[in-house]
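In: Sequence first, predicted coordinates after that:
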Amino acid sequence: MEPGPPGGSRPAERGPCLSSPPGADEAASASPLSAARAEPGRRPPAVAAVLPAGGSGERMGVPTPKQFCPVLERPLISYTLRALERVCWIKDIVVAVTGENIEAMNSIIQKYQHKRISVVEAGVTRHRSIFNGLKALAEDQPDSKLCKPEVVIIHDAVRPFVEEDVLLKVVIAAKEHGAAGAIRPLVSTVISPSADGCLDHSLERARHRASEMPQAFLFDVIYEAYQQCSDYDLEFGTECLQLALKYCHTKAKLVEGSPDLWKVTYKRDLYAAESIIKERISQEICVVMDSKEGEEHIGRLLEEVLKSELNHVKVTSGALCHAGGDLQQIILEQCYNFVCVNVMTSDFQETHKLLTILEESNLSILYPVVVVSVHFFDVKLVPLSQKMENLMWIRGFAKEVRKRNILLYGLLICYPQDEQKLQESLRQAAIIIAALIKERNSGIVGQLLVA
Ligand SMILES: Nc1ccn([C@@H]2O[C@H](COP(=O)(O)OP(=O)(O)OP(=O)(O)O)[C@@H](O)[C@H]2O)c(=O)n1
Ligand SMILES: O=P(O)(O)OC[C@@H](O)[C@@H](O)[C@@H](O)CO
């Protein structure tokens, strides 16, 4: 139980509170949201989300509030917005930011093409920020373009790794129980210190859980709770589920969440978030075949070696010919790593064509796209001066496309070689390509590496 106001008293009741969520009985038979959508005539609940993003991030220890700190050169909050936007049944997303950050927030929405986002002013505490978000959704706000949802999700803006399944679980549970929240096993044991700073008692870890986000509520339940909330709770409270219990006698359903629901709080969490994002966008490579007659087989060889060397990575291939038709599909499927194969040519036409397609696709708005321009060249035919010229070209071009968040690297592979030597070169190339994709090191773009 959250501590009551010290010596204070609970404010006079401001009207009856819901003793049980509305329609709890028929809600009990509520089928999953997605199924409800499928059942003819059944109305899935209108769902909105409130993202408190008005904190200062003191524990992060940097001047920029952590929700705006860059991860792979993109603000952390943009990843959370993207995660919620991907869920088509969340109709409105309300973000609460401080007045001084409203302009920055609107710029992020515009730059990363976020949709269905409304921005409200945050409060001086997280609960007050959430309350401001709820007020924006309540119908009793003049000229609001938002409509009151049946269920509202509350999710910290600094928890970027939220998936649709846990959102669906808490929404369905909230529709049935009035409130629901994600929980995780405790990692450390919780202890209660005595006044003299010694151990008073410890809680049995197995019988307790950590309260995480997302949480979801019948809108009327949580809005009523915030309206009845004491100033003490608004000032010092940290748990929305507790407000629903304390002021609306609504016992939240607890939903087991995944390990990725953690909140970015300290600087180490930013590094962890970057590693997770890099890992997720490195799961697929597209080998773009040389479209010249008779040269495709070498691209196939490289594709096979990549598949065998990088067994956790999905390797697909596409051809640039037919105006990149099959490539468009791969880009649409959000592949962020391309290996462009050029055989016995020192020009970069194929790579140039690929980069143009990528730039036109806007694929790199959200995540850095890696392009490795691989050149199989005959060391006896290509003089050093030519290789230096290539190096200058790729450096210049890499600098250009870097502005579009495309990281271009060059890789030279001697060719032809006897079968064994070629296989070894291809294996080395696969290792180099994997490292470039995993690290996405913008410091070495434009370099010509040799396998
Ligand atoms: N007045 C506040 C304080 C916090 N939050 C938001 O609530 C979420 C979780 O809070 P927390 O992790 O504590 O963020 P900060 O308060 O920024 O962190 P710190 O306590 O380290 O300052 C964050 O998205 C934060 O932006 C908010 O909307 N309004
Ligand atoms: O206390 P903080 O503001 O860091 O975190 C706020 C919430 O995320 C935290 O209280 C969760 O346990 C969910 O209630």
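Out: Received, thanks. Ligands and ions are numbered 1, 2, ... in the order given.
In: Can you read off the backbone torsions of the nearest residue to Tyr266 once chain neighbours are set aside?
Out: With sequence-adjacent residues excluded and distances taken as C-beta to C-beta, 6 or more residues apart in numbering, Tyr266 is closest to Arg59, at 5.6 Å. C-beta here means a position set from N, CA and C on the backbone, and glycine is covered the same way. When read as degrees, to the nearest 10, the backbone of Arg59 gives phi -70, psi -20.
In: any weak-confidence spans in the protein?
Out: Low-confidence segments of the chain (pLDDT under 70): 1-42, 140-141, 290-294, 321-325, 346.
In: residues from it in reach of ligand 2?
Out: Neighbours of ligand 2 within the chain, by C-beta under 6 Å from any ligand atom: 126, 156, 211, 213, 238-239, 263.
In: List only buried entries from the residues you listed.
Out: Among those, the ones that count as buried by 16 or more other C-beta atoms under 10 Å are 126, 156, 211, 213, 239.
In: In a markdown table, list those along with secondary structure and distance to ligand 1.
Out: Formatted as a markdown table, those follow (DSSP: H, G, I helix; E, B strand; the rest coil; distance: C-beta to the nearest ligand atom, whole Å):
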| residue | secondary structure | distance to ligand 1 |
| --- | --- | --- |
| Arg126 | helix | 4 |
| Asp156 | coil | 4 |
| Ser211 | strand | 12 |
| Met213 | strand | 8 |
| Glu239 | coil | 12 |
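In: residues touching the spatially most central residue of the chain, list them.
Out: The residue lying closest to the centre of the chain (C-alpha atoms, centre = their mean) is Tyr79, at 3.6 Å. Contacts for Tyr79 were tallied using C-beta atoms under 8 Å, 6 or more residues apart in numbering; they are 71, 160-161, 273, 277.
In: 7 Å instead?
Out: By C-beta atoms under 7 Å, 6 or more residues apart in numbering, the residues touching Tyr79 are 71, 160.
In: C-alpha coordinates for the helix or strand hosting it, PDB please?
Out: Using DSSP states H and E, Tyr79 maps to helix 76-85. Extracted in PDB, the C-alpha atoms of helix 76-85 (Å, rounded to 0.1, in the frame of the first residue of the first chain):
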ATOM      1  CA  LEU A  76      14.900   7.000 -27.500                       C
ATOM      2  CA  ILE A  77      11.300   8.200 -27.400                       C
ATOM      3  CA  SER A  78      11.000   7.700 -31.200                       C
ATOM      4  CA  TYR A  79      11.500   3.900 -30.700                       C
ATOM      5  CA  THR A  80       8.800   3.700 -28.100                       C
ATOM      6  CA  LEU A  81       6.400   5.700 -30.400                       C
ATOM      7  CA  ARG A  82       7.200   3.400 -33.300                       C
ATOM      8  CA  ALA A  83       6.500   0.400 -31.100                       C
ATOM      9  CA  LEU A  84       3.100   1.700 -30.200                       C
ATOM     10  CA  GLU A  85       2.300   3.000 -33.800                       C
END
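In: now the angle between helix 76-85 and whichever helix or strand comes after that helix, please.
Out: Sequence order places strand 90-97 as the next helix or strand after helix 76-85, per DSSP H and E. For strand 90-97 against helix 76-85, the angle by axes from the mean of the first three to the mean of the last three C-alpha atoms, to 10 degrees is 160 degrees.
In: Would you mind listing the outside residues contacting strand 90-97?
Out: By C-beta under 7 Å, 6+ apart, strand 90-97 touches 46-54, 81, 84, 105, 116-122, 129, 132-133, 136-137, 146, 149, 153, 157.
In: now do 6 Å
Out: 46-54, 84, 105, 116-120, 122, 129, 132-133, 136, 146 (C-beta atoms under 6 Å, 6 or more residues apart in numbering).
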